[in-house]
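Fold the following for me, if possible:
(chains A and B)
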Amino acid sequence: MISRALLGGALVAAGLATSAAVCAESAYISQVGAKAGVAAPTTISQPVQIAPGGNYAQRQAVFVPTPETTRARSSNFANTLEIGSANSVFQAQAGGKNFSNVGVLGGNDNNVAVLQGGRDFSNLQLVNAQGLSIAVLQPPGSAPINMLIARLPNGALLIKR
Amino acid sequence: MQASAAPAIECVIRAEPETNGLRVAALARAATPASGEYRLQVAKRSASGSSSTVQSGAFTLQAGQEQVLTTVVLDRSAIGHYRAELTLQSDQETSSCTSP
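Below you'll find the predicted structure:
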């Protein structure tokens, strides 16, 4: 059942990535299992200007998981916050002990997909993003993801992990 | 006429508005020890956008115990604009419930 759910989710993520190439910028995040001890690769399909993560990031009111919200759970937890318009968030969690927090703050036409297989943690925040497609794929027991993607006032895209 | 037996596993979706959003919790109750798998689907469509969440996993219930299987939190725009469906499948039976 778990593998079936993951396969279905992966197909959705692939669909997002494909559509992103046509109409929007995209960022694709995937991870290997934490046991493999390999850093999670991040691929960005189009060149973007990476701005230094200085004061701007510190001013963002981004949800930071506290120990209370990240304590060990036998069940799954998914949080979605959308402020903007025409955003789409898909979250699939299989197994147990998954935690996912997605925030789309102040942007529009963004697509986010989070697929977790069990014992996974992700915290993804999009701030002022326009037309981004993001997929987070976490096989069971992946390393945690904490990521902020923000469109800066000067037009640059900040990606901070 | 014979009365139908009470379900072994009771399925409950509890949706509660909070300060920061709408908390949708999937619960299960059982009169006798039971185990199986659950699947919760929550979809929301509002001005701020749409979201869809699918959660699945295994559960084990003790007799008379109520257990939160999984939780989804949506922003407040979801109030009145969401639909949730919980399905519980055990060896004995399959039950489902929806909200609202």
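
For burial, what's the neighbour tally of whatever residue of chain A ends up closest to chain B?
Using C-beta to the nearest C-beta, the single residue of chain A nearest to chain B is A:N87, 3.2 Å away. Heads up, the C-betas are built off the backbone N, CA and C, glycines and all. Neighbour count of A:N87, defined by other C-beta atoms under 10 Å in any protein chain shown: 24.

Same question for B:V12.
Neighbours around B:V12, by other C-beta under 10 Å: 16.

And for the closest residue to chain A within chain B, the neighbour number?
Using C-beta to the nearest C-beta, B:G49 is the residue of chain B that sits closest to chain A, at 3.2 Å. Using other C-beta under 10 Å, B:G49 has 25 other residues around it.

where exactly do the strands run in the chain?
Chain wasn't specified; assuming chain A. Along chain A, counting by DSSP state E, strands occupy A:26-30, A:42-44, A:76-85, A:87-93, A:99-108, A:111-116, A:121-127, A:133-138, A:145-151, A:157-160.

could you do chain B instead?
For chain B, applying DSSP E gives strands covering B:9-17, B:22-30, B:34-46, B:49-61, B:66-74, B:82-90, B:94-99.

got those strands as TSV, with distance to A:A135 and mean pLDDT columns?
Output for those, formatted as TSV (distance: least, C-beta to C-beta, whole Å; pLDDT from 0 to 100):
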stretch	distance to A:A135	mean pLDDT
strand B:9-17	28	92
strand B:22-30	24	91
strand B:34-46	19	90
strand B:49-61	14	89
strand B:66-74	19	90
strand B:82-90	23	92
strand B:94-99	28	91
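
could those strands go into CSV alongside distance to A:R119?
Shown next, in CSV, are those (distance: least, C-beta to C-beta, whole Å):
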stretch, distance to A:R119
strand B:9-17, 25
strand B:22-30, 19
strand B:34-46, 17
strand B:49-61, 11
strand B:66-74, 14
strand B:82-90, 22
strand B:94-99, 27
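
Many thanks, we can stop here.
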